[in-house]
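Student: below are the sequence and a predicted model for it; my questions follow.
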Amino acid sequence: MTLVTGRLMEHYQSGAQTRRVAALAAAQPEARLQIHPAAAAAQGIADGDVVSISNGRGEVSCRAELSTDIRPETVFLPFHFPELESANRLTEAATDPISGMPEFKFSQVWVKPGAATLRADELQKEGAS
């Protein structure tokens, strides 16, 4: 699938400041992968399921958010969240040869049900609490 990254209305840049504001953090408390219902169904993914998004650069875990606002072959992940929800674990290292800008908006990924290998234990502990 094609991954595009971008902003959420409630958070600014990395979210380091806005995730400290209770109202903004409550409105968007975690990264969610936006995926078309048809693409999700093909992978056995339901709304709110934990999914693993991966490619040759890395792996991310977050919850799925089904939406017809996105194309079936494309997924969207916001870049405001750190660590194992960080979209930048998946973005390409390539840069434009003229401007030097990184290629943050377009990466190929695999999406599958379940937590990323690195996060599975963390989610199990959270569920036991």
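Tutor: Looks like it arrived, so ask away.

Student: distance of G44 relative to V60?
Tutor: Separation of G44 from V60 (Cβ to Cβ, to the nearest Å): 19 Å. Backbone N, C-alpha and C define where each C-beta goes, glycine included.

Student: higher neighbour count, those two?
Tutor: For G44 versus V60, the count of surrounding residues by other Cβ atoms under 10 Å is larger for V60: 28 against 10.

Student: in terms of pLDDT, where does the more buried one sit?
Tutor: pLDDT for V60: 88.

Student: run through the bridge partners of it.
Tutor: I53 (DSSP bridges).

Student: how close does it get to Q108?
Tutor: With distances taken as Cβ to Cβ, V60 is found 14 Å from Q108.

Student: ok, G44 next?
Tutor: G44 is 21 Å from Q108, by Cβ to Cβ.

Student: what of A42?
Tutor: To Q108, A42 is 17 Å away according to Cβ to Cβ.

Student: now for the protein, the helix or strand with the poorest mean pLDDT.
Tutor: In the chain, no helix or strand scores lower on mean pLDDT, DSSP states H and E than helix 120-128, which sits at a mean of 53.
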